[in-house]
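K.L.:
following is a predicted model, sequence given first.
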Amino acid sequence: MVAVDAADRLILDESAAARADIPDGGLVVIDDAYGALTLGAAAPGARGIRVHQDALTGEQALSANADRAGLDGTFTHHDLDAELVRDARVVLLRLPRALRALHDIAGLIAAYAHPDVVVFAGGRLKYMTPTMNDVLREHFTRVDVTHARQKSRVLVARGPHDGAEPQPEAATVDGLEVRAFGGVFAGASIDIGTRLLLAHLPDPVDGAIDFACGTGVVAAAWTLRHPSVRVIATDQSAIAAASARATAAANGVADRVEVVRDDLLASRPDASASLIALNPPFHTGGAITEGVAPRMFADAARVLAPGGELWVVWNSALQYRPALERLVGPTRQVARDRKFTVTVSTRR
């Protein structure tokens with residue numbers, strides 16, 4: 001996890017001339033990791049910057065960094081919707097790794113930005129593919145490629161056309177309607193780890209939590225099986241939260257699934273839950289790390305009441321059981337296949 005990298009610097013350098021000529025409110029920044037693009041544009045004078053960050057932790061970092069830099073009030077946070085990009089003249093974009101996410105973003109810009117909008121979409125070369133150029137060309141008449149610098153590159157798109165609102169991918173899997181906006185984990189499917197977890201989860205009670213819910217398939221499955229139960233689904237990703245809401249609606253359980261965009265379980269009171277289900281991520285952005293899951297286990301332990309249970313599915317090679325024993329409580333194996341392990345930990 002790097003606060004600012006060469007791709008951020010290259011995007012700012014390549015867009016400098018275009019940014020100099022736009023009015024306040026004409027600049028949009030999408031998927032700024034921790035604020036480098038937004039504050040890099042605000043420092044020389046840009047104001048009214050509209051920002052969308054998929055990760056809630058990114059929003060929090062941007063706000064904290066802006067406070068330290070004395071740049072509060074130079075930007076506003078937005079959902080990934082029409083108001084984010086309406087009449088935008090310049091868009092700074094960190095390229096998402098998922099092509100469907102790029103398609104959704106490019107279509108939205110083309111639909112609502114100013115006809116003269118210029119998009120500066122950059123990233124690290126190791127995560128970029130020629131297909132990204134093709135995705136942008138579906139919505140822009142011209143896509144130029146900058147010279148590489150420090151293993152980074154920027155795609156510059158002009159001439160928006162064929163704009164479209166993002167629409168979730170839809171699929172029926174094992175009788176469950178799954179909805180997925182571009183970039184959400186597993187897309188419109190159920191990954192094999194979650195399948196194993198679903199096969200062994202106990203009956204939920206009111207207030208059970210689908211932690212790091214992704215598309216919300218656990219919450220939807222729980223509420224379909226038990227028509228009187230209400231479930232909470234949480235994720236820090238805006239795309240995941242939108243997908244979970246769409247999944248709940250498609251299954252007719254939107255009135256019984258409360259979807260919360262949250263930093264871990266920060267909005268949940270201590271000792272307030274009796275059951276939490278979790279399929280923890282093992283990466284942050286492009287970085288593969290085992291450091292995320294223990295933080296999730298610790299916060300789940302905080303939220304669980306004594307005797308409450310944390311049900312976790314994890315890649316067996318990661319050896320999470322000692323951490324679960326230490327952070328939550330006594331842990332036993334419930335199921336295991338060739339790749340994944342399901343455990344239940346009881347809060348001390």
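P.N.:
That came in fine, so what should we check first?
K.L.:
quote the end-to-end distance of stretch 253-261.
P.N.:
End-to-end distance for stretch 253-261: 18 Å, by CA to CA, to the nearest Å.
K.L.:
which residues sit against it?
P.N.:
Residues outside stretch 253-261 that contact it (CB atoms under 8 Å, 6 or more residues apart in numbering): 56, 213, 216, 219-220, 223-224, 229-238, 241, 244-245, 248, 267. Backbone N, C-alpha and C define where each C-beta goes, glycine included.
K.L.:
sort out for me which of these are in helices.
P.N.:
Counting by DSSP state H, these place 56, 219-220, 223-224, 238, 241, 244-245, 248 in helices.
K.L.:
that older thread, just the buried members of the contacts of stretch 253-261?
P.N.:
56, 213, 216, 219-220, 223-224, 229-238, 241, 244-245, 248 (16 or more other CB atoms under 10 Å).
K.L.:
hmm, who's touching the helix or strand where residue 142 lies?
P.N.:
Counting by DSSP states H and E, the element that carries residue 142 is strand 140-145. The contact list for strand 140-145 (CB under 8 Å, 6+ apart) reads 106, 110, 119, 133, 136-137, 153-161.
K.L.:
distance of residue 73 from residue 49?
P.N.:
To residue 49, residue 73 is 10 Å away according to CB to CB, to the nearest Å.
K.L.:
I'd like the distance between the spatially most central residue of the chain and residue 281.
P.N.:
Against the mean C-alpha coordinate of the chain, by CA atoms, centre = their mean, the closest residue is residue 237 at 2.9 Å. Note on residue 237: its distance to residue 281, by CB to CB, is 10 Å.
K.L.:
same thing with residue 203?
P.N.:
26 Å.
K.L.:
low-confidence bits of the stretch 1-150 of the chain, can you list those?
P.N.:
Where the stretch 1-150 of the chain drops to pLDDT under 70, the residues are 1.
K.L.:
could you pull out the strands for it?
P.N.:
With DSSP state E, counting those that start in this stretch, the ranges of strands along the stretch 1-150 of the chain come out as 27-30, 49-52, 75-77, 90-94, 118-124, 140-145.
K.L.:
quick one: which of the ones you listed is nearest residue 276?
P.N.:
strand 75-77 (27.9 Å; CB to CB).
K.L.:
quick check: residue 88 touching residue 109?
P.N.:
Yes. Under the criterion of CB atoms under 8 Å, residue 88 makes contact with residue 109 at 7.1 Å.
K.L.:
common neighbours of the two, please.
P.N.:
Joint contacts of residue 88 and residue 109 (CB under 8 Å, 6+ apart) are 28, 117.
K.L.:
what does the domain assignment say about this structure?
P.N.:
Dividing the chain into domains by automatic domain parsing, as the record does, gives the ranges 6-160, 169-346.
K.L.:
confidence score at residue 288?
P.N.:
In this model, residue 288 is scored at 48, pLDDT.
K.L.:
ok, now the one 5 residues further on?
P.N.:
In this model, residue 293 is scored at 96, pLDDT.
K.L.:
sorry, back to before: return a PyMOL selection command for the buried portion of the contacts of strand 140-145.
P.N.:
The buried residues among these can be selected in PyMOL (16+ other CB under 10 Å) with this line:
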select buried, resi 106+110+119+136+137+153+154+155+156+157+160
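K.L.:
quick check, nearest of the contacts of strand 140-145 to residue 335?
P.N.:
residue 106 (41.4 Å).
K.L.:
show me what contacts that closest one?
P.N.:
Residue 106 makes contact with 119, 135-136, 138-140, 157, according to CB under 8 Å, 6+ apart.
K.L.:
residue 103 too?
P.N.:
Residues in contact with residue 103 (CB under 8 Å, 6+ apart) are 135, 138, 182.
K.L.:
so the second one sits right up against residue 162, yeah?
P.N.:
The reference is to residue 138. Yes. The criterion here is CB under 8 Å, and residue 138 meets it with residue 162 at 6.8 Å.
K.L.:
and residue 314, what are its bridge partners?
P.N.:
Here residue 314 sits in beta bridges with residue 341, going by DSSP bridges.
K.L.:
out of the strands of the stretch 1-150 of the chain, flag the one nearest residue 39.
P.N.:
The closest of the strands of the stretch 1-150 of the chain to residue 39 is strand 75-77. By CB to CB, the value is 8.4 Å.
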